[in-house]
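Undergrad: here is the input, now give the coordinates:
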Amino acid sequence: MFRTLCLIWLLTCVLASQHAEAAGAGCDTGLPFPLAVSPTQPDSTQQVTINIDTSDVVVDSVSTEVHDATIDITLTIVGISPPPAHSPCASQVVGPLGPGSYTINLKEVDSGLSQSDAITVASMSFVVGEIPGVSCDPDSGYISVSPSNPADGQAITLTVGRTQAILPESVIVERLGDSITATLTANVNDFSVALPDSCARIEIGALPIGTYTVDLDFVDTTQTHPQAVHVKSTSFTVVPHPPSPPGPLTGLWWNSSQPGWGIDFVQRRDVLFSAWFTYDTAGRPKWYVAPDCELQSVSTGHGCTGDLFEVKGPILLAGLFNPAAVVATKVGTLDLGFADSNTGSMTYTLDGQTRTVSIAREPLRTGPAADVDYSDLWWNPAESGWGMTLTQQSNVMFLALYVYDGGGAPVWYVASDCEVNSAGNGCTGTLYRTSGPDFGAAFDSSKVQAFAVGTASVSFSDQDTGVLTYTVNGAATTKAVTREFF
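TA: Residues are numbered from 1 along each chain as shown. Got it, this is the predicted structure:
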């Protein structure tokens with residue numbers, strides 16, 4: 001099924017005071033790295049100047065945002081071949097900042113692209129006020145990674161121990177592919193604070209699945225020409241995140257006074273995937289998806305707001321489906337609110353119309369729960385763009401198939417009474433295509449008509465994989481399917 005898992009975390013941003021300065025001795029980082037702060041050990045009454053080496057790029061503008069303990073600096077780049085009179089430095093001023101540890105992320109983006117396309121090219125940390133006494137694990141030497149076996153999506157922390165009884169000035173972290181370099185800078189003559197077991201700690205965020213090498217280097221800032229000296233290396237592996245089971249909102253929902261349309265929800269953690277099956281102005285079946293609705297707590301329960309997409313693609317035939325031909329277009333928004341896991345409301349904005357409808361979980365059949373509940377979103381990973389939702393209650397499944405017609409328009413079919421077999425690992429039922437009224441200011445269920453067009457069956461070899469076979473007007477299609485984890 002089409003997904004755009006691009007979760008946007010809403011952060012409270014405070015614009016720091018900012019300005020780009022011409023080159024000068026005061027803008028030199030003084031280190032073999034693109035970032036430095038001045039003063040190196042600020043207190044909570046001082047402003048902090050962040051010096052940036054721009055000698056290898058032509059900068060159009062510099063912007064700075066402070067998010068709690070993170071400072072993002074974005075350089076808008078207009079070229080990579082600086083002219084002779086080019087200014088090799090820029091600086092930004094932030095603060096005063098409260099006591100604590102801060103991380104600076106230096107980002108670059110080409111002129112003409114969105115700020116959201118900026119790429120982080122370097123990071124460093126510094127401390128305002130007294131360095132917190134973070135205890136070092138003596139068995140980890142000078143560097144450790146937490147958690148030691150992170151999963152994708154988990155924030156990763158590097159803890160860097162001091163090489164001598166000195167006060168660290170900064171920790172600079174740079175990542176290139178699967179190689180991470182953490183450089184500890186310090187004045188070896190500064191014994192003003194005796195913290196023999198103190199560490200510097202820096203957040204490097206989440207990383208893709210893979211194995212990474214971390215090199216710890218040390219720079220003595222008392223030298224005339226400071227050079228990085230390698231101290232130690234370690235490695236860690238980011239593993240796949242354990243699949244999350246469907247959450248309590250997963251299932252088929254409807255408005256009981258308006259049978260003929262419905263909306264399927266699949267919840268994983270705090271993300272809700274919504275597939276809405278309804279009709280166009282000509283009465284043809286049509287579906288929309290809101291793939292990344294991030295649930296937020298509210299006073300009466302919880303809910304989410306997400307973008308609503310119309311998707312077009314090729315007809316689904318055995319062995320013939322080109323995911324590159326799938327095109328998704330944002331056409332509106334979907335706002336969902338839930339009083340509990342069985343009742344709620346949906347407000348949609350589509351084609352200039354906004355409407356709110358009460359919804360509830362649709363009851364299919366009562367009876368003992370199945371040993372394995374196959375309610376979920378199912379797809380073929382090699383054929384992203386079409387999908388199937390299953391809602392199981394006792395020994396019956398409601399199967400909804402989201403595909404495309406011969407003209408590329410989205411069309412849906414349902415097996416509304418797919419009887420579970422005696423083994424409990426599949427179902428077979430009649431497949432229907434329906435027509436109905438446009439989902440406008442009102443919905444007249446008397447205009448809904450259902451036509452049997454074939455059959456659908458699904459069989460599962462285990463709880464996460466299966467085979468879908470269906471016929472539409474005599475044409476048969478068989479596809480391997482798996483649960484879609486997100």
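
Undergrad: what does stretch 335-354 contact?
TA: Outside of stretch 335-354, the residues within contact range by Cβ atoms under 8 Å, 6 or more residues apart in numbering are 248-249, 253, 263, 272, 274, 276, 288, 293, 298, 300-306, 308, 331-334, 355-361, 440-441. Backbone N, C-alpha and C define where each C-beta goes, glycine included.

Undergrad: can you select the buried ones from these in ChimeraX?
TA: Only the buried entries of these go into this ChimeraX selection, using 16 or more other Cβ atoms under 10 Å:
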select :249,253,263,272,274,276,288,293,302,303,304,306,308,332,333,334,357,359,361
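
Undergrad: filter the contacts of stretch 335-354 down to the ones in strands?
TA: Secondary structure defined by DSSP state E assigns 253, 263, 272, 274, 276, 288, 293, 298, 301-306, 308, 331-334, 355-361 of these to strands.

Undergrad: go ahead and confirm residue 294 touches residue 306.
TA: Yes. Look at residue 294 against residue 306 with Cβ atoms under 8 Å: they come within range, at 7.5 Å.

Undergrad: please enumerate the shared neighbours of these two.
TA: residue 272.

Undergrad: and the closest residue to residue 263 other than its chain neighbours, how far is that from residue 431?
TA: Spatial nearest neighbour of residue 263, excluding adjacent residues (Cβ to Cβ, 6 or more residues apart in numbering): residue 276 at 4.6 Å. Going from residue 276 to residue 431 by Cβ to Cβ, to the nearest Å gives 20 Å.

Undergrad: remind me which residues of the stretch 301-450 of the chain are low pLDDT?
TA: For the stretch 301-450 of the chain, the stretches flagged by pLDDT under 70 are 301, 318.

Undergrad: do you have the strands of the stretch 151-300 of the chain handy? List them.
TA: 156-161, 168-176, 179-186, 199-205, 210-220, 229-238, 251-254, 262-268, 271-279, 285-294, 296-298 (DSSP state E, counting those that start in this stretch).

Undergrad: which of the ones you listed sits closest to residue 467?
TA: Closest to residue 467 of the strands of the stretch 151-300 of the chain is strand 262-268 (Cβ to Cβ; 20.1 Å).

Undergrad: show me what the closest one is packed up against.
TA: Helices and strands touching strand 262-268, by 3 or more Cβ pairs under 8 Å, 6 or more residues apart in numbering; DSSP states H and E, are strand 251-254, strand 271-279, strand 376-379, strand 387-393.

Undergrad: tell me the strands beside it, with direction?
TA: When sheet partners are counted by DSSP bridges, strand 262-268 sits next to strand 251-254 (antiparallel), strand 271-279 (antiparallel).

Undergrad: can you tell me which of those comes nearest to residue 102?
TA: strand 271-279 (29.9 Å).

Undergrad: okay, the angle between the closest one and strand 285-294?
TA: Put simply, strand 271-279 runs at 160 degrees to strand 285-294, going by axes from the mean of the first three to the mean of the last three Cα atoms, to 10 degrees.

Undergrad: tell me the angle strand 271-279 makes with strand 387-393.
TA: Calculated by the same axes, to 10 degrees, strand 271-279 forms an angle of 100 degrees with strand 387-393.

Undergrad: any idea of the pLDDT on residue 260?
TA: pLDDT for residue 260: 96.

Undergrad: residue 410 contacts residue 401, doesn't it?
TA: No. Shown here, residue 410 and residue 401 do not form a contact pair, counting by Cβ under 8 Å, at 11.2 Å.

Undergrad: before we move on, back to that, and the residue nearest to residue 263, how close does it get to residue 383?
TA: In terms of Cβ to Cβ, residue 276 sits 21 Å off from residue 383.
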